[in-house]
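J.: what's the 3D shape of this:
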Amino acid sequence: MRTRFFVACCMALLAGPALSQRSSSPAAAPAPTASGRYTIIHSPHLEKDTVLLDTVTGKTWILVEDTSRNAFFWSPLARKDNDAEIQNWLNDHPAKADQSNRR
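T.: Residues are numbered from 1 along each chain as shown. Got it, this is the predicted structure:
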């Protein structure tokens with residue numbers, strides 16, 4: 001479960017800067033695509049990673065299963081919108097030490 005969440009967060013972080021670029025004029029907001037405002041993206045790497053993307057705001061949600069209720073729901077993914085938020089996240093989540101030399 002942690003791996004899927006990490007992959008989804010990485011996808012959101014990589015897509016976030018491109019999707020968060022906004023024009024100073026609200027009238028210049030991008031129009032929804034021909035398929036609609038929301039797009040569902042299936043991960044080619046992990047079968048259970050399914051992300052919902054709002055193509056206007058850039059907000060994302062991951063599909064989560066609630067096994068106790070036998071139901072699915074969309075859980076919002078946190079998005080870092082500026083350099084300060086990204087730096088705070090990096091400070092809170094330092095890179096793991098290289099363990100390839102450990103026996």
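
J.: which residue ranges form the strands in the protein?
T.: For the chain, the strands defined by DSSP state E cover 38-42, 50-54, 60-66, 71-76.

J.: out of the ones you listed, nearest to Asn82?
T.: Closest approach to Asn82 among the strands of the chain is made by strand 60-66 (16.9 Å; C-beta to C-beta). In this view, the C-beta of every residue, glycine as well, is placed from N, C-alpha and C.

J.: and the residue lying closest to Thr50 once chain neighbours are set aside, how many residues sit next to it?
T.: Of all residues beyond its chain neighbours, the one nearest Thr50 is Leu63 (4.1 Å), with distances taken as C-beta to C-beta, 6 or more residues apart in numbering. Neighbourhood size, Leu63 [other C-beta atoms under 10 Å]: 16.

J.: List the beta-bridge partners for Leu63.
T.: Under DSSP bridges, the beta-bridge partners of Leu63 are Trp74.

J.: got a pLDDT number for it?
T.: pLDDT for Leu63: 91.

J.: thinking it is in contact with Leu77, fair?
T.: No. Under the criterion of C-beta atoms under 8 Å, Leu63 is not in contact with Leu77, lying 10.9 Å apart.

J.: hmm, back to that, switch the strands of the chain over to JSON lines, and while doing so, append distance to Ala97 to every line.
T.: Listed next are the strands of the chain as JSON lines, based on distance: least, C-beta to C-beta, whole Å:
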{"stretch": "strand 38-42", "distance to Ala97": "33"}
{"stretch": "strand 50-54", "distance to Ala97": "30"}
{"stretch": "strand 60-66", "distance to Ala97": "29"}
{"stretch": "strand 71-76", "distance to Ala97": "31"}
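
J.: Ser43 contacts Ile62, correct?
T.: No. Under the criterion of C-beta under 8 Å, Ser43 makes no contact with Ile62, lying 9.9 Å away.

J.: Pick out whichever of these two has more residues nearby.
T.: Using other C-beta under 10 Å, the more surrounded residue of Ser43 and Ile62 is Ile62, with 22 against 15.

J.: if I pick the nearest residue to Phe73 once chain neighbours are set aside, what's in contact with it?
T.: The shortest distance from Phe73 to any non-neighbouring residue, by C-beta to C-beta, 6+ apart, is to Val64 (5.8 Å). Residues in contact with Val64, defined by C-beta atoms under 8 Å, 6 or more residues apart in numbering, are Phe72, Phe73, Trp74, Ser75.
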